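Novice: can you look at this prediction? I've put the sequence above it.
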Amino acid sequence: MPEIKHNLWKGKTDGTPWMHKTLIWLMRWINLNVFYGIMALVVPFYMIFNRQGYRSTYNFFRNRIGYPPLKSFFSVYANHFRFGQVILDRFAVFAGKSFHFDIENFNLYESLSNSDKGFIMLGSHVGNYEMAGYSLVAEKTINALHFDGEAKSIMENRSHQLGGNNIKLIPVLDDMSHIFLLNNALSDGQIVSIPNDRMLGSSKHVDCVFFGEKAKFPTGAYIMSINREVPMIAVFVMKLSGRKYKILVRKIEAQQEQIISKQEKIYMLASCFASNLEDVVREYPTQWFNYFDFWKQ
Amino acid sequence: MDELILELKNEIIETLNLEDMQPEDIDTDAPLFGEGLGLDSIDALELIVLMEKNYGIKLRDASKGKEIFKSVRVMADYIEKNRTK
């Protein structure tokens, strides 16, 4: 199987390093709502010029969520606006602004963090997963796997902000060094964080039913969990209002009453994740941020 | 050494779920990754765990791992010299 990088999404924040630095500087002095207001005006242009993003999101609301045409159109606007807010919030954190987080099922996260064993935290491109790094603080190191295509200025700010929270960023590289680092981390009882809805690095996947149709989900995290015998949780960080987020922590496990093969266990774990992801997306449909035909990735 | 090579090939087939392959289909000296057997990063993870669980060898260094996973022969040679199980 060939090594792949996602060909529809480059994992890179728009803008030049100079623009990022200027934005962070401005955010230190100007109220965040002003930026949200500007974003509201910019979104229609994104809808016009980012055709692929518009089409895939419109189809998502129309065919997956089942909205009528007009509601789908306005939901695309709401979705793009939310995405803009989420990106601005990340810069706002770099500028030193704080947010309020309500955490559902924190006890589960706490008990895993306090145990000697490592565990895997699954993220996805809904809501603002990166914010989990600023709020779900643990004494253990969190090793966060990420796509190695982001601008240097973003990565420097991320590393600076997250480093204080005991988070180490691990890029997906062709030399497979990330696999060794993640394996070492789990052996040492640390936390590994993996974006789990897009295929990065390996093309291995299972097909799970997601919104009524089969979609590909990468298998790397599940293989890691089975091999290293560590538990898994999915974390969703959903935006509620201006400065308020809700963090949902869900256990990902295979409900097994009899001994099953490794392949069956991988499928059960992936289906559990897909089902949790679908529940969350149904509750927060405007925070679905996969701007391509997810069912054809 | 030949016995260990055969054992290793069988373990690779079982661990990586290479259902259609027989030990003789795996070239002992061919690269495991890229060309040759064409394994990818997730397979590397499986091999790291295989080395640890079956032979007591913990591979923590990526550059060393890459050398060891060059071919089945190189792997077998390393196992023979370093195994604790």
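Specialist: Cool, the structure landed.

Novice: pull out the buried positions in the lowest-mean-pLDDT helix or strand in chain B.
Specialist: One helix or strand of chain B scores below all others by mean pLDDT, DSSP states H and E: helix B:62-68, with a mean of 88. Neighbour counts over helix B:62-68 (16 or more other Cβ atoms under 10 Å in any protein chain shown) mark B:Ala62, B:Gly65, B:Lys66, B:Ile68 as buried. Bear in mind the C-beta positions are built from the backbone N, C-alpha and C, glycine included.

Novice: contact partners for the first one?
Specialist: Under the criterion of Cβ atoms under 8 Å, 6 or more residues apart in numbering or on different chains, the contact partners of B:Ala62 comprise A:Asp175, A:Met176, A:Ser177, A:Ile179, A:Phe180, A:Leu181.

Novice: what does the pLDDT read for residue 8?
Specialist: No chain specified, so I'll use chain A. With respect to pLDDT, A:Leu8 has a value of 38.

Novice: was after chain B, sorry
Specialist: 94.

Novice: ok so, going back, show me which of the buried residues of helix B:62-68 is closest to chain A.
Specialist: Of all the buried residues of helix B:62-68, chain A sits closest to B:Ala62, with 3.7 Å by Cβ to the nearest Cβ.

Novice: where does the stretch 1-150 of chain A have low pLDDT?
Specialist: Along the stretch 1-150 of chain A, segments meeting pLDDT under 70 span A:1-15, A:148-150.

Novice: 50 instead, please
Specialist: Filtered on pLDDT under 50, the stretch 1-150 of chain A yields the residue ranges A:1-11.

Novice: show me where it has its helices.
Specialist: A:17-27, A:32-49, A:51-59, A:69-94, A:106-114, A:132-135 (DSSP state H, counting those that start in this stretch).

Novice: tell me the most buried of those helices?
Specialist: Ranked by mean neighbour count under mean count of other Cβ atoms under 10 Å in any protein chain shown, the helices of the stretch 1-150 of chain A are led by helix A:132-135, which reaches a mean of 21.

Novice: contacts for that helix?
Specialist: Helix A:132-135 has contacts (Cβ under 8 Å, 6+ apart) with A:93, A:99, A:101, A:103, A:121, A:123, A:142, A:144, A:161-162, A:165, A:167, A:193, A:235, A:237, A:245, A:247.

Novice: quick check: the gap between the residue lying farthest from the centre of chain A and chain B.
Specialist: No residue in chain A has its C-alpha farther from the mean C-alpha position than A:Gln258, which lies at 32.6 Å (Cα atoms, centre = their mean). From A:Gln258 over to chain B the distance is 20 Å, taken as Cβ to the nearest Cβ, to the nearest Å.

Novice: look at that residue and tell me its secondary structure.
Specialist: Of the three states, A:Gln258 takes coil under DSSP: H, G, I helix; E, B strand; the rest coil.

Novice: so what's the closest residue to A:Asn166 other than its chain neighbours up against?
Specialist: Distance criterion Cβ to Cβ, 6 or more residues apart in numbering or on different chains; nearest residue to A:Asn166, sequence neighbours excluded, is A:Thr141 at 5.2 Å. Applying Cβ under 8 Å, 6+ apart to A:Thr141 gives the contacts A:Asn166, A:Ile167, A:Lys168, A:Ala185, A:Gln190, A:Ile191.

Novice: what does the stretch 151-297 of chain A put close to chain B?
Specialist: Selection of the stretch 151-297 of chain A residues close to chain B by Cβ under 8 Å from any Cβ of the partner chain yields A:175-184, A:187, A:201-204, A:219-220, A:223-224, A:227-228, A:262-263.

Novice: filter those down to the buried ones.
Specialist: Among those, those classed as buried by 16+ other Cβ under 10 Å are A:176-184, A:187, A:201-204, A:219-220, A:223-224, A:227-228.
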